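Q: A predicted structure for the sequence below; I have some questions about it.
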Amino acid sequence: MTVESNVLVLAKVCHSQMLNAAPLRPWIIANKDGTIEAAHCDCKAGLAHRLVTQRTVTQEKAYWCIPSAIDKVPYATIRQIDFTSVATKKRRFESRISGGPIQQRSSQKLPDVPRPSAADRLEILHDLHRVTKASVLTVSSGFQDQYVPKILQDGNLPQPLSNLRDDKLGVSQQLKMAALHAVHSVVFVVNAAQQTGPLLQMDQPNQSYMFASLTRPHSEQLLQGLQLLRQDHELCDIVLRVGDAKIHAHKVVLASISPYFKAMFTGNLSEKETSEVEFQCIDETALKAIVEYAYTGTVFISQETVESLLPAANLLQVKLVLNECCSFLESQLDAGNCIGISRFAETYGCHDLCLAATKFICENFEEVCQTEEFFELTRAELDEIVSNDCLKVVTEETVFYALESWIKYDVTERQQYLAQLLHCVRLPLLSVKFLTRLYEANHLIRDDHACKHLLNEALKYHFMPEHRLSYQTVLSARPRCAPKVLLAVGGKAGLFATLESMEMYFPQTDSWIGLAPLSVPRYEFGVAVLDHKVYVVGGIATHMRQGISYRRHESTVESWDPESNIWSSVERMAECRSTLGVVVLAGELYALGGYDGQYYLQTVEKYVPKLKEWQPVAPMTKSRSCFATAVLDGMVYAIGGYGPAHMSSVERFDPSKEAWEMVAPMADKRINFGVGVMLGFIFVVGGHNGVSHLSSIERFDPHQNQWTACRPMNEPRTGVGSSIVDNYLYVVGGHSGSSYLNTVQRYDPITDSWLDSSGMMYCRCNFGLTAL
């Protein structure tokens, strides 16, 4: 086996002169053609340049096991180095003179060294993967010996290290390049523990090897061989017939790249036993190209071939060719063909290409709406395009004129659709002057009663803002390219003034409008968006009984439908909760902690929309109220709060483990503060620390488990609303310590700066704010 055609050779080698010494562990990284990319050994003779920033394989210092009689290593191969002492040499010389026996190499076997475990190999691979600097076992021929097992001598083994040396430069270009690449490796283990001969002499009959390698030359040779067999019609067992053309192939090759062919040749179809299959719905050139791809791994795609190749690849389920065709078409998108490519992609189920074409149409609508393809759209296709929230236009007038041009292209047939299409225009975004001119001068609208009614409604939107809530299509007033708006709900505007009103903020126009109010005034509740509906959970509500108002902690839940602008009741929670935290995770609504009027809570429950019921969840480790909650990387965070003291602690819930764990605390204790998640961080802002109102902001990095201070707000706020739109953290309303606020600021994490936005219609504190 190999990984990206690289091989790791790892050996355990005992020294031939010191049998009881710890084994050496040299390793070599070789690429597919045998070139050494990086190597290392923990012995002195073989160490030309060791890793200075990475640990050795054995985690030990490099050492060289030699008798004390040798004071230096000669410049010679290992086999040529004489490690015997002077006294031993003298005894040998005297023995030869006296005719006595010559001292033989000891026959004692090396101690058995166990093979590395899977965990050991994995640890080595992880260490090598992080190598950023090439290390060379040896580049000098004087220190190079080649001990290759006979069974592997003809294989694609690494080149001798001496072949890599550049005597002029002193180091090879291959080794320089190796330092630039991360090491992807697979293990080749050599068990040399039983050797009694020279170092790394692996051609002994008692060796055992595990060698796993599949190099690119082998796969290329295999494909080339199969292609030659096909071209010569040798061993072919299937003929694909398209019209008069016959394409010879091998069933096993076609089945390996196409689930369609696999089912045909291995299932219960009649083609399983036949030697010829006829295709009537595939272009001849496209089928030949796909068969060619099966044998070569390459395919030619052009504007002339893609229209036939993509349907063929789709039918035969050759995903790689299909994906390449889609990528090619995406690269060819322009104003004149994007609508046609969108239709083509939809026909063959190419979802990503269809999305790319739709995005191109929206971003280049002002050019697209002047093309022939646009004028040939069906009414349904046109309706879908001009209804898109992401249509990029300077003014809504562009959309109206595009519709008018489409109708005039075939006015007799298309005039009947004018009123239906006018519903797709964001009429409230047109100026009063433009609406009036249409009403008076455009004969297509003037002669259509339904169109005149729509224009009247749009004029009312401008002249009678107090009736905007009764305007039937609230979202038709949403600006284009504004997939998100902010909703501010309920809250307090004074010590005894609890609000039921709701208002919507459009970031693109920096403006607020009023919407349908809550069923009862509320504050200190939780708010979140689930399935395109806004949920208001718990809190403290103001009720009336016999003309006397009173407040109570709630378990009730309401949801708002933006399509109808209507609030509806939802199943109650199991407990009353105010100052709670509310988040959405995996399509379920979580309610955490809070205060029930007597006790600070650590319990958690979640609402399952499909079952329409609340279910208990593992409780937090601490009771918390007036805290913030957030979801990041699939985990729920509970941050700060009160219970019954001000806290800076943070814990998070892992739904896969159904358990909570503590993480790094904030720098400041906080209650009634804002929170937002963007760019992989959690931001907290404002609040109260038990002594003063805060203007500070902190950022949590989950990977570093660390909080970092950011630029503070211009003024302190507690009881704020906060949410993320377009990578801005919006901080809205609250209390400064002296007054209730309606002001809005947004934080830019890229520039670490604050910007002002238009204020709300009402001052609000302890309210709900969410993005929709």
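A: Everything's here; your move. Residues are numbered from 1 along each chain as shown.
Q: Tell me, please, the helix or strand in the protein that averages the lowest pLDDT.
A: Within the chain, judged by mean pLDDT, DSSP states H and E, the helix or strand with the poorest mean is strand 187-191; its value is a mean of 29.
Q: so how far is residue 333 from residue 756?
A: Computed with Cβ to Cβ, to the nearest Å, the distance linking residue 756 and residue 333 is 39 Å. Every residue, glycine included, has its C-beta placed from N, CA and C.
Q: The two: who's more crowded?
A: Regarding residue 756 and residue 333, a neighbour count based on other Cβ atoms under 10 Å identifies residue 333 as having more, with 18 against 11.
Q: In this structure the more buried one contacts residue 341, no?
A: Yes: with the criterion set as Cβ atoms under 8 Å, residue 333 and residue 341 qualify as a contacting pair; they are 6.2 Å apart.
Q: Identify the structural domains in this structure and state their residue ranges.
A: Dividing the chain into domains by automatic domain parsing, as the record does, gives the ranges 1-214, 377-481, 482-771.
Q: Show me the least confident stretch of those, going by mean pLDDT.
A: For these, mean pLDDT drops lowest on domain 1-214, to a mean of 45.
Q: Can you report how many residues neighbour the nearest residue to residue 649 once chain neighbours are set aside?
A: Closest residue to residue 649 apart from its sequence neighbours, by Cβ to Cβ, 6 or more residues apart in numbering: residue 665 at 4.9 Å. Counted with other Cβ under 10 Å, residues neighbouring residue 665 total 15.
Q: mind listing what residue 665 touches?
A: Taking Cβ atoms under 8 Å, 6 or more residues apart in numbering as the definition of contact, the neighbours of residue 665 are 648, 649, 650, 707.
Q: Let's see if you can find the most crowded of those.
A: Among the contacts of residue 665, residue 650 has more neighbours than the rest - 23 neighbours, counting by other Cβ under 10 Å.
Q: so what's that residue bridging to?
A: Note on residue 650: beta-bridge partners by DSSP bridges are residue 639, residue 663.
Q: wait, doesn't it sit right on residue 667?
A: No: with contact taken as Cβ under 8 Å, residue 650 and residue 667 are classed as non-touching, separated by 11.3 Å.
Q: Endpoint to endpoint, stretch 484-499 covers what distance?
A: From its first residue to its last, stretch 484-499 covers 24 Å (Cα to Cα, to the nearest Å).
Q: Next: stretch 753-771.
A: End-to-end for stretch 753-771, by Cα to Cα: 21 Å.
Q: can you check stretch 369-380 too?
A: The separation between the terminal residues of stretch 369-380, taken as Cα to Cα, is 15 Å.
Q: Kindly report the same for stretch 237-254.
A: Across its full length, stretch 237-254 reaches 11 Å end to end, with Cα to Cα as the criterion.
Q: what does stretch 384-392 give?
A: With Cα to Cα, one end of stretch 384-392 sits 14 Å from the other.
Q: now what about it, what contacts it?
A: Applying Cβ under 8 Å, 6+ apart, the external contacts of stretch 384-392 come out as 358-359, 361-366, 377, 399, 402-403, 421, 424-425, 478, 480-483.
Q: mind listing what's buried in stretch 596-609?
A: Residues of stretch 596-609 classed as buried: 596, 600, 601, 602, 603, 604, 605, 606, 607, 609 (neighbour count, 16 or more other Cβ atoms under 10 Å).
Q: Oops, could you answer that again for stretch 437-454 instead?
A: Along stretch 437-454, the positions that meet the burial threshold by neighbour count (16+ other Cβ under 10 Å) are 438, 439, 442, 445, 448, 451, 454.
Q: ok, and the closest non-adjacent residue to residue 604?
A: residue 617 (4.1 Å).
Q: so who does the one you found touch?
A: Contacts of residue 617 (Cβ under 8 Å, 6+ apart): 590, 604, 605, 606, 653, 658.
Q: list the contacts for residue 504?
A: Residues counted as contacts of residue 504 (Cβ under 8 Å, 6+ apart) are 485, 486, 487, 488, 512, 513, 514, 515, 772.
Q: Most neighbours out of these, which is it?
A: residue 488 (28 neighbours).
Q: tell me which element that residue is part of?
A: Counting by DSSP states H and E, the secondary-structure element that holds residue 488 is strand 486-489.
Q: How about residues contacting that strand?
A: Under the contact criterion Cβ under 8 Å, 6+ apart, strand 486-489 has outside partners 502-505, 507, 515, 518, 522, 527, 534, 536, 560, 721, 723, 725, 730, 732-733, 760, 764, 767-772.
Q: Tell me which entries of these lie within strands.
A: Where these overlap with strands, as defined by DSSP state E, the overlap consists of 502-505, 515, 522, 527, 534, 536, 560, 721, 723, 725, 730, 732-733, 768-771.
Q: Tell me where the stretch 651-772 of the chain has helices.
A: Assignment of helices within the stretch 651-772 of the chain using DSSP state H, counting those that start in this stretch yields no ranges at all.
Q: now the strands: where do they sit in it?
A: Using DSSP state E, counting those that start in this stretch, the strands of the stretch 651-772 of the chain run over residues 659-663, 674-678, 681-685, 697-701, 706-710, 721-725, 728-735, 740-748, 753-757, 768-771.
Q: With distance to residue 543 added, can I get the ones you listed in JSON lines?
A: Compiled in JSON lines, those are given as follows (distance: least, Cβ to Cβ, whole Å):
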{"stretch": "strand 659-663", "distance to residue 543": "35"}
{"stretch": "strand 674-678", "distance to residue 543": "28"}
{"stretch": "strand 681-685", "distance to residue 543": "33"}
{"stretch": "strand 697-701", "distance to residue 543": "37"}
{"stretch": "strand 706-710", "distance to residue 543": "41"}
{"stretch": "strand 721-725", "distance to residue 543": "24"}
{"stretch": "strand 728-735", "distance to residue 543": "24"}
{"stretch": "strand 740-748", "distance to residue 543": "23"}
{"stretch": "strand 753-757", "distance to residue 543": "34"}
{"stretch": "strand 768-771", "distance to residue 543": "19"}
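Q: Most tightly packed of those?
A: Burial of the strands of the stretch 651-772 of the chain is given as mean neighbour count (mean count of other Cβ atoms under 10 Å); strand 728-735 ranks first at a mean of 25.
Q: by how many degrees do that one and strand 502-506 diverge?
A: With axes from the mean of the first three to the mean of the last three Cα atoms, to 10 degrees as the basis, strand 728-735 and strand 502-506 are set at 150 degrees to each other.
Q: Now do strand 728-735: which elements does it pack against?
A: strand 486-489, strand 674-678, strand 681-685, strand 721-725, strand 740-748, strand 768-771 (3 or more Cβ pairs under 8 Å, 6 or more residues apart in numbering; DSSP states H and E).
Q: In TSV: those, plus distance to residue 407.
A: Putting these into TSV (distance: least, Cβ to Cβ, whole Å) gives the following:
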stretch	distance to residue 407
strand 486-489	36
strand 674-678	43
strand 681-685	49
strand 721-725	36
strand 740-748	41
strand 768-771	36
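Q: Residue 544: which of those is closest?
A: Nearest to residue 544 among the helices and strands packed on strand 728-735 is strand 486-489 (20.2 Å), distances taken as Cβ to Cβ.
Q: Partner strands of that closest one, with direction?
A: strand 502-506 (antiparallel), strand 768-771 (antiparallel).
Q: rewinding a little: any chance of the buried residues of stretch 437-454 in TSV, with secondary structure too?
A: Formatted as TSV, those follow (DSSP: H, G, I helix; E, B strand; the rest coil):
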residue	secondary structure
438	helix
439	helix
442	coil
445	helix
448	coil
451	helix
454	helix
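Q: Can I get those residues in TSV including distance to residue 680?
A: Converted to TSV, the buried residues of stretch 437-454 look like this (distance: Cβ to Cβ, whole Å):
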residue	distance to residue 680
438	48
439	51
442	51
445	50
448	52
451	49
454	45
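Q: Nearest to residue 577, out of these: which one, please.
A: For residue 577, the nearest member of the buried residues of stretch 437-454 is residue 454. The distance, counting by Cβ to Cβ, is 44.4 Å.
Q: ok, the closest one touching residue 422?
A: Yes: counting by Cβ under 8 Å, residue 422 is a contact partner of residue 454 at 5.3 Å.
Q: That'll do, ta.
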